[in-house]
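> I'd like to go over a predicted model; first the sequence, then the structure.
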Amino acid sequence: MQMGMIWVGVSDLPGNNWSGGARSDLNRLGSWVGAMGQSNADEDAPSIGDIDTAERFGVRIATITRRLTDGIAFETERISEPAFRQENLKRQQQLTGRTN
């Protein structure tokens, strides 16, 4: 808690920070203080990775809020960076037919 506020950071490791990274990676911009997205000037929408990161962040905020208001137990998912990269590679394969 800081200045009467409770900060909820993004729980995903940085995604697109290695040679195998892609626009579909979760937290591809590597933000810790909140969800971030980026669209190129010639695009009409953010990448699917940014959209999915924002959805996951919303779920995280709701879960933590529920924990604080209702006393529901909460545990943060722990994952190593190599395992997170593997998950992002799986996402890339699953989203091959999907626009990112």
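Yep, it's here.
> chain center to the helix or strand bottoming out on mean pLDDT in the chain: distance?
Scoring the helices and strands of the chain by mean pLDDT, DSSP states H and E places helix 81-94 at the bottom, with a mean of 88. Here helix 81-94 is found 13 Å from its chain centre; the criterion is C-alpha atoms, centre = their mean, to the nearest Å.
> contacts for it, please.
Residues from elsewhere that reach helix 81-94 (C-beta atoms under 8 Å, 6 or more residues apart in numbering): 12-13, 15, 18, 20-22, 24-26, 49, 52, 79. In short, each C-beta sits where N, CA and C put it, glycine included.
> average model confidence for the longest helix seen in the chain?
Using DSSP state H, we find that the single longest helix of the chain is helix 48-70. The average pLDDT within helix 48-70 is 91.
> buried ones in that helix?
48-50, 52-54, 56-57, 60, 63-64 (16 or more other C-beta atoms under 10 Å).
> closest one of these to Val8?
Among the buried residues of helix 48-70, Ile64 lies closest to Val8 (C-beta to C-beta), at 5.4 Å.
> what number of residues lie near the nearest residue to the closest one once chain neighbours are set aside?
Distances taken as C-beta to C-beta, 6 or more residues apart in numbering put Val8 closest to Ile64, at 5.4 Å, once the chain neighbours are dropped. Applying other C-beta atoms under 10 Å, we find 15 residues neighbouring Val8.
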